[in-house]
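Chemist: here you go, sequence then predicted model.
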Amino acid sequence: MSQIFNEQNMIRSLSGSIPEGETFVAGICANAKETAIIRVYSNCVPVFDSNKHVDYILPAIEDGKPLDGAVTFKVTKKKYAEHSVYICITQNYLVLTECSENMHYYEFDIVKSSPFAVDLTERLDVRDIKYVFPFDDIQDVTIKKGIFGSLKCNITIKDGSYFKLMFPKRNGLGGGMPYYDEYREKICDKLNSVKSHS
């Protein structure tokens, strides 16, 4: 647990997901009660493994050549069991990463269209889908007091993604996250500000 409640480890984990041009503003370790991320990719080709599960997705054009079977493909990546995550804000984004490797439940659908579809530009392993959301994409935020000074935070994204989180109180986390109180307040203030404009 001491490795999880460590600011250097947190920043290292989040750095690979922070969009280019953005910088870390505040981050904490939180408990995720349930998470679901939805991504829709247009003009792409899903590739299946030997168990007939989607392994990765290719853009419809590879090495300048069109591929057969291009579709608009929806991926839903869920986890229902409680697990630890790092959550941070940058100037314009909400970013989450998991503190350790976890198993997930996946759903895959071919859809006709979606206002949230993005073009795929390179091969994507479905296990590598990142939890990165512009603040403008946040639909709703609810923050309530929990037990022992914790905060319950539910975040809903316009595309249907959602996160049920608990931000623990600073006490008991050890000395590895010296700015935890300050960062938790900054994250909550930003999320409440986003909510007021959604």
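Modeler: Looks like it arrived, so ask away.

Chemist: from now on I want contacts and neighbour counts done on CA atoms only, so please keep to that.
Modeler: Noted.

Chemist: and Pro46, what element?
Modeler: Using DSSP states H and E, Pro46 falls within strand 26-48.

Chemist: helices or strands next to that strand in the packing?
Modeler: helix 7-15, strand 54-59, strand 71-79, strand 83-89, strand 117-119, strand 162-167, helix 180-197 (3 or more Cα pairs under 8 Å, 6 or more residues apart in numbering; DSSP states H and E).

Chemist: pairing partners for the lowest-mean-pLDDT helix or strand in the chain, with directions?
Modeler: When each helix and strand of the chain is scored by mean pLDDT, DSSP states H and E, strand 65-66 comes last, with a mean of 73. Strand 65-66 has the following sheet partners, assigned by DSSP bridges: strand 61-62 (antiparallel).

Chemist: starting at the chain centroid, how far to the strand it pairs with?
Modeler: 27 Å (Cα atoms, centre = their mean, to the nearest Å).

Chemist: quick one: Glu185 from Lys152, how far?
Modeler: According to Cα to Cα, to the nearest Å, Glu185 stands 13 Å off from Lys152.

Chemist: the more surrounded of these two?
Modeler: Lys152 (19 against 12; other Cα atoms under 10 Å).

Chemist: look at the residue positioned nearest the centre of the chain and report its pLDDT.
Modeler: Among the residues of the chain, the one closest to the centroid is Tyr131, at 1.9 Å (Cα atoms, centre = their mean). Listed pLDDT for Tyr131 reads 95.

Chemist: so who does it touch?
Modeler: Contacts here follow Cα atoms under 8 Å, 6 or more residues apart in numbering; on that basis Tyr131 touches 17, 37, 95-97.

Chemist: of those residues, grab the buried ones for ChimeraX.
Modeler: Restricted to buried positions by 16 or more other Cα atoms under 10 Å, the ChimeraX selection for the contacts of Tyr131 reads:
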select :37,95,96,97
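
Chemist: for the residue lying farthest from the centre of the chain, name its beta-bridge partners.
Modeler: Most distant residue from the mean C-alpha position of the chain: Lys65, 32.1 Å away (Cα atoms, centre = their mean). Going by DSSP bridges, Lys65 is paired in beta bridges with Glu62.

Chemist: if we can go back for a sec, Val95 versus the residue nearest to the centre of the chain, what's the distance?
Modeler: In terms of Cα to Cα, Tyr131 sits 6 Å off from Val95.

Chemist: shared neighbours of those two, anything?
Modeler: Contacts common to Tyr131 and Val95, judged by Cα under 8 Å, 6+ apart, are Ser17.

Chemist: these two touch, right, Leu67 and Pro46?
Modeler: No. Leu67 is beyond contact range of Pro46, at 10.7 Å (criterion: Cα atoms under 8 Å).
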